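The following block contains a protein sequence and its predicted model.
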Amino acid sequence: MGKLWGGRFKKGLDESAVALSYSIESDKRLYKQDIAVNRAHTKALAKAGILTKEEGKTLVACLDDLEARFATDILPFPQPDEDIHSCIERLVIEKVGDLGKKMHTGKSRNDQVITDTRLLLSDEIARAISLLDDLQFSLWELASANQKVIMPGFTHLQVAQPVLFAHHMLAYVEKFGRDRARLHDCLERMDECPLGSAALAGTNYPLDRELLAKELGFSRVTQNSMDGVSNRDFILEYYAAVSIMMLHLSQMSEELIIWSSPILGWVTIGDDFTTGSSIMPQKKNPDVAELVRGKTGGVLAAFVGLHETVKGLALTYNRDLQEDKSQLFNVVDTVRLSLDCYAKMMPGITIHEAPIRKALETGFVLATEVADYLVLKGVPFRDAHEITGQLVMLAEEQSCGLEQLSVKDMQQVSDKIGEDIADVLTLQAAIDRKSVVGGTATKQVKFQLKRLKEHYKWNKR
Ligand code: ARG
C-alpha cells in the first residue's frame, strides 16, 4: 500500500508529480504528533462504539510500539509513502492486518495534519519561552554584575548621553519580555483541537471531541470544521512574534559585533562563540552574532511566504497548504538555535571598562547636563541649548572636554555659569540625575533589577 486513495485511478502518478507532491522527507518530523493523534482518535472511536474495546486496545498498543520504533530510528527512510500519515497507517496495517484499515474512520488527513502541526508548534513555543527566560536572565545577570559601568548611550550611533551599561542590558530584557508575552498570547489562542473536523464538514461518527482535545493536551476544541482545517493564521501569528524576536536578537548582534571590533574593544565574546580566520591568524570573528543577524531575514521570509500561500485560497483545504511545514520546521529550528546560542553566549562576555571610559571622553557627552544646569539657573531651555552649543565650540577650539573648560572661559559665554557647574559636569552626576522611572540613575536601575527579578521569579532559579 503506497497511497491512501487509489480506488478511482487507472494510472499511477507520474514520477515528476511524485517528486513534487510527496512530503514524507519533510513531514516525517511529525511522527510523534501523528502517532499521538491516531492514538487519541482510536480511543474516541472505541468510546463511540465504532471499534470494540479490544480493537481499540490492539490499535493503541500497535501505535505505542510504533512510537518506540521511530524513537530508536529503526524505520528506514525514504519510505514509499506520500506523507507521514500514509506511512503510519501503512505500518499499522502491516502490523495488525485488516483492523488497521479501520483506524482512519471519521478523520481526514486535513484535520490530522493541522492537529499534528499545532502539537509540534505548541511544544516549540513553550521551549522558545523557556529559552527566552534563560536569555533574559543572562542579560539580567550581566546588568547586575556590572552596575557601576558607565558607557556612552547613542542616538544615530553618535555619542549622545552617558548611560549605565546595566540600563542598556535591561532595555533588551524589556524587549524580550514583550516577545515572550506575544508568544504566550499566540500559544493561548492556538490551544484548540481541530480533530473531528475531518475533511472539512465534520464527521458522521459521534466522536467525543472534548475527549480528543483532552487526550492531546488541548484546552478547547475548534468551533467550526471549515475553519479548523483551513486555519493557518496561528502559524502566521507565531511567525510575526518570532520575526520581531529575531529582530531584537539581530539588533543585539549588531551591537555586539560593533562593540567587539578591535576598533572599540569594549567586549570580548567567549571563544566558544567566535571563530578564527583561515588566512588571518589574529582574527576572532563574532560569527554566531552574525549568523543570528543573518537568519532574521529568513524568518520574516517565512511569514511573507505563508501569507502569500494562504492569500488566494478558497476554503477549505488546498494542497498549497502542504507548503507550510518545511518552512515552519526551518523557523522553529532557527528560533531554538538562535536563542540557545544567545542564552549561552551572553554569560561568557567580558566587558572592558578602560576603552569604554575612553569613549566617554569623546562627543561632549555631558553637553545636555550643561543645558539642564542653565535651565535650573532660570535660562529658558532653547537659550540654554544655544549657550551650550557655544561652549562646545569653545571646547573644540581648545581641544578639550566641556568639563575641562575653566569657569572663567565659560562665564565669557554666559554669566549664569558659576563654580557649582563642576557638580553637574561628572559622568556619575549625569547618570544619577536621570532618576525618573525608567531613567538610567543608579537607584532606578537597581529598582528595575529588583522588579524584574520578582516579576520573572528569578529568585527561584
Ligand atoms: N501532506 C498533506 C499536507 O501536509 C496532508 C493532507 C493531505 N490532504 C489532502 N487532501 N491531500 O497538507
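Ah, there it is. Residues are numbered from 1 along each chain as shown.

give me the low-pLDDT residue ranges for the protein?
1-4, 74-79 (pLDDT under 70).

Close to the ligand: what parts of it are there?
23, 27, 83, 109-110, 113, 317, 319, 321-322, 325 (Cβ under 6 Å from any ligand atom). (Glycine included, C-beta is placed from N, CA and C.)

and residue 9, how many residues sit next to it?
9 (other Cβ atoms under 10 Å).

so residue 414 sits right up against residue 385, yeah?
No: Residue 414 lies out of contact with residue 385 (Cβ atoms under 8 Å); the separation is 11.9 Å.

Pull up the gap between residue 58 and residue 104, please.
16 Å (Cβ to Cβ, to the nearest Å).

Hmm, I typed the wrong one, I wanted residue 400.
82 Å.

And for residue 53?
Following Cβ to Cβ, the distance that separates residue 53 from residue 104 is 19 Å.

quick one: which of those two has more around it?
residue 104 (19 against 10).

Am I right that that one falls within a strand?
No: going by DSSP: H, G, I helix; E, B strand; the rest coil, the assignment for residue 104 is coil, not a strand.

ok, and the closest non-adjacent residue to it?
Leaving aside its chain neighbours, residue 104 sits nearest to residue 89 (6.2 Å; criterion: Cβ to Cβ, 6 or more residues apart in numbering).

immediately after the helix or strand containing the one you found, which helix or strand?
For residue 89, the host element (DSSP states H and E) is helix 84-96. The helix or strand immediately downstream of helix 84-96 is helix 109-145, counting by DSSP H and E.

Of all the residues in the next helix or strand after that following helix, which ones are buried?
Proceeding N to C from helix 109-145, the next assigned helix or strand is strand 150-155, under DSSP H and E. Along strand 150-155, these residues count as buried under the neighbour rule (16 or more other Cβ atoms under 10 Å): 150-153.

which element follows strand 150-155 toward the C-terminus?
From strand 150-155, the next helix or strand downstream (DSSP H and E) is strand 158-164.

Just want the angle from that following strand to strand 150-155.
Inter-element angle recorded for strand 158-164 and strand 150-155: 140 degrees (by axes from the mean of the first three to the mean of the last three Cα atoms, to 10 degrees).

and strand 158-164, which strands flank it?
strand 150-155 (antiparallel) (DSSP bridges).

Check the offset of the partner strand from the chain's centre.
26 Å (Cα atoms, centre = their mean, to the nearest Å).

So what touches stretch 269-288?
253, 256-257, 260, 268, 289, 341, 344-345, 348-350 (Cβ atoms under 8 Å, 6 or more residues apart in numbering).

would you turn those residues into CSV with secondary structure?
Shown next, in CSV, are those (three-state DSSP):
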residue, secondary structure
253, helix
256, helix
257, helix
260, helix
268, strand
289, helix
341, helix
344, helix
345, helix
348, helix
349, coil
350, strand
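
Can you list the buried residues in the helix or strand harbouring residue 371?
Element membership of residue 371, judged by DSSP H and E, is helix 367-376. Neighbour-count burial for helix 367-376, counted by 16+ other Cβ under 10 Å, picks out 367-371, 373-375.

What's the local residue count around the residue in the stretch 301-450 of the chain that the ligand sits nearest to?
Residue nearest to the ligand within the stretch 301-450 of the chain (Cβ to the nearest ligand atom): residue 322, separated by 3.6 Å. Other residues lying near residue 322 total 18 when counted by other Cβ under 10 Å.

SS state for it?
When classified by three-state DSSP, residue 322 comes out as helix.

who touches it in this structure?
21, 23, 83, 113 are the contacts of residue 322 under Cβ under 8 Å, 6+ apart.

ok, now residue 43?
56, 60, 211, 215.

Check those against residue 418 and report the nearest one.
residue 215 (77.4 Å; Cβ to Cβ).

Test my guess that the closest one contacts residue 37.
No: using Cβ under 8 Å as the test, residue 215 is too far from residue 37 to be in contact (9.3 Å).

So those two - more neighbours on which side?
Neighbour count, other Cβ under 10 Å: between residue 215 and residue 37, residue 37 has more, with 27 against 19.

how near is that one to residue 88?
Counting by Cβ to Cβ, the gap from residue 37 to residue 88 is 9 Å.

again, but for residue 152
In terms of Cβ to Cβ, residue 152 sits 59 Å off from residue 88.

Which positions within the helix or strand residue 66 falls within qualify as buried?
Using DSSP H and E, residue 66 maps to helix 53-71. For helix 53-71, burial by neighbour count (16+ other Cβ under 10 Å) applies to 55-56, 58-60, 62-63, 66-67, 70.

swap in stretch 197-213?
Buried-residue list, stretch 197-213, by 16+ other Cβ under 10 Å: 197-200, 202-203, 207, 209, 211-213.

Quick check: the residue of the stretch 101-250 of the chain nearest the ligand.
Closest point on the stretch 101-250 of the chain to the ligand, by Cβ to the nearest ligand atom, is residue 109, at 3.7 Å.

ok, now which ones touch residue 56?
Here residue 56 is in contact with 42-43, 45-46 (Cβ under 8 Å, 6+ apart).

10 Å - rerun?
Contacts for residue 56 were tallied using Cβ atoms under 10 Å, 6 or more residues apart in numbering; they are 39, 42-47, 50, 99, 102.

From those, which land in strands?
Among the contacts of residue 56, no member falls in strands (DSSP state E).

May I see the PyMOL selection of the buried members of those residues?
Command for PyMOL that selects the buried part of these, burial taken from 16+ other Cβ under 10 Å:
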select buried, resi 39+42+43+44+45+46+47+50+99+102
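
between the contacts of residue 56, which is closest to residue 305?
Taking the contacts of residue 56 together and measuring to residue 305 by Cβ to Cβ, the closest member is residue 39, at 32.3 Å.
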